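> for reference, the sequence and a predicted model appear below.
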Amino acid sequence: MENRSFYNEILTEHNVRPEFKHDMEDADIVLEGVNPSCGDDIFLKLKTDGDTIVDGAFVGDGCAISQASADIMLGMVIGRKKDEALEMCRIFMKMIKGEASEEEIDSLEEASALRDIAHMPARVKCAVLGWRTLKEALSGEDTDDDEDDED
Ligand code: ZN
């Protein structure tokens with residue numbers, strides 16, 4: 001599909017000019033996410049008000065896919081309820097496993113640019129790093145091993 005280059009443009013844009021890659025002094029949730037297989041290492045920072053994510057940012061280092069994915073994710077979840085953000089995490093994981101419907105993929109907006117990662121097993125952990133960290137930050141669960149290696 002000719003959409004492929006459009007997707008690459010989205011990823012490149014978020015990588016070269018990330019909107020949310022900066023420090024946040026007054027974050028009330030800070031969680032590190034590490035992907036040793038690639039060397040990606042980020043700190044996700046969230047500012048919340050009750051059930052709502054009012055602001056977010058990340059700092060750290062990693063490959064283009066991990067950085068772009070985290071940046072896209074923050075653009076989608078800021079301003080949302082925690083429950084909505086967790087639902088996005090769930091659909092994103094499903095897409096990366098190649099199990100999401102077209103409708104679900106559409107609902108992920110810019111994050112759907114990462115749908116092809118489902119066919120690149122070596123990059124899956126890069127793509128899900130930000131989302132996995134977000135899920136862990138919001139739910140308080142350690143989702144490290146049960147999400148990405150099974151099935
Ligand atoms: Zn990576």
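Here it is on my side, so go on. Numbering: from 1, shown residues only.

> in what helix or strand does Ile105 lie?
Using DSSP states H and E, Ile105 sits within helix 102-107.

> the next helix-or-strand element following that helix near the ion anywhere?
Note on helix 102-107: by DSSP H and E, the next helix or strand toward the C-terminus is helix 124-139. Yes: using CB under 5 Å from the ion, helix 124-139 comes into contact with the ion via Cys126. C-beta here means a position set from N, CA and C on the backbone, and glycine is covered the same way.

> list the buried residues of helix 124-139.
Neighbour counts using 16 or more other CB atoms under 10 Å place 124-138 of helix 124-139 among the buried residues.

> output the contacting helices and strands for that helix.
Contact analysis of helix 124-139 by 3 or more CB pairs under 8 Å, 6 or more residues apart in numbering; DSSP states H and E lists strand 29-35, strand 40-49, helix 64-77, helix 82-96 as its packing neighbours.
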